[in-house]
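A.B. asks: Attaching a predicted model along with its sequence, questions to come.
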Amino acid sequence: MRRVIFAICATAAALVAILSFKSHSQVPVTAAAAPAGAAPSAGTAPAGAAAATAQPAATPSATGANTASPAKAAGAAKTVTGAAWPTIYGPVQVKITVQGGKVTQATAVVYPEETPRDYQINSYAIPQLNSEAVAASSAKIDTVSGATYTSGGYVGSLQNALDKAGL
C-alpha cells in the first residue's frame with residue numbers, strides 16, 4: 001500500500017514538473033522593450049537610421065507635398081536601417097533600400113558570427129533572407145531551416161525598417 005501511494009505522488013510530481021517546463025521562445029522576454037531601447041544603445045547604425053528617416057521627411061514639406069510616404073511619391077531611393085533585433089545568439093539588424101514603394105536591396109548589417117557554427121549557419125541563411133526580402137518587399141518571408149532564430153530576428157528588424165520607411 002505504501003508503494004502505491006509513493007508511486008502516485010511521484011507520478012504527480014513528475015507531471016507537474018513536465019507541465020511547468022518552458023521552452024526557449026523565438027524572441028527573449030525582454031525583446032518587447034529591446035527594439036525601442038536598442039536605438040540609443042546600439043551606436044552608429046541606429047543614429048544613421050534616425051538621420052535616414054528624418055532627412056526624407058523634410059523633402060515633402062520643402063516641395064509642399066503632403067504624402068504619407070516620400071519614397072512612394074518621389075521615387076527617390078531611401079536607405080533605412082531597422083532596429084537591432086535580439087535573438088538568443090545575438091542581435092540581427094537589417095538595412096533596406098526603398099525606391100518607388102518597393103524594397104530594392106536588403107542587407108543584414110549585424111548578425112551572430114561569434115562561433116564557427118554561427119558563421120556556418122548565417123553564411124547560408126543571410127543571403128537567402130536578403131533575396132526573400134527583396135522579392136517580397138515585405139516582412140512576410142519564409143524562414144530558413146536551421147536558422148530559425150536568425151530568421152526571426154531578421155524578420156523583426158526588417159519589419160522595423162519597413163515601418164520607418166513608411167511601407
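C.D. replies: Thanks, I have the structure now.

A.B. asks: Where do the strands of the chain begin and end?
C.D. replies: 78-81, 93-99, 102-110 (DSSP state E).

A.B. asks: Export those as JSON lines, with columns for mean pLDDT and mean neighbour count.
C.D. replies: The way it works is simple: take the backbone N, C-alpha and C, and place the C-beta from them, glycine included. Shown next, in JSON lines, are these (pLDDT from 0 to 100; neighbours: other C-beta atoms under 10 Å):
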{"stretch": "strand 78-81", "mean pLDDT": "91", "mean neighbour count": "24"}
{"stretch": "strand 93-99", "mean pLDDT": "92", "mean neighbour count": "23"}
{"stretch": "strand 102-110", "mean pLDDT": "91", "mean neighbour count": "18"}
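
A.B. asks: Output the ones you listed in CSV; the columns should cover distance to Ala14.
C.D. replies: Formatted as CSV, the strands of the chain follow (distance: least, C-beta to C-beta, whole Å):
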stretch, distance to Ala14
strand 78-81, 49
strand 93-99, 43
strand 102-110, 43
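
A.B. asks: quick one: which of these is nearest Ser123?
C.D. replies: Ranking the strands of the chain by proximity to Ser123 (C-beta to C-beta) places strand 102-110 first, at 11.1 Å.

A.B. asks: any idea of the angle the closest one forms with strand 93-99?
C.D. replies: Comparing the axes of strand 102-110 and strand 93-99 via axes from the mean of the first three to the mean of the last three C-alpha atoms, to 10 degrees yields an angle of 160 degrees.

A.B. asks: just checking, what packs against strand 102-110?
C.D. replies: strand 93-99, helix 116-136, helix 148-165 (3 or more C-beta pairs under 8 Å, 6 or more residues apart in numbering; DSSP states H and E).
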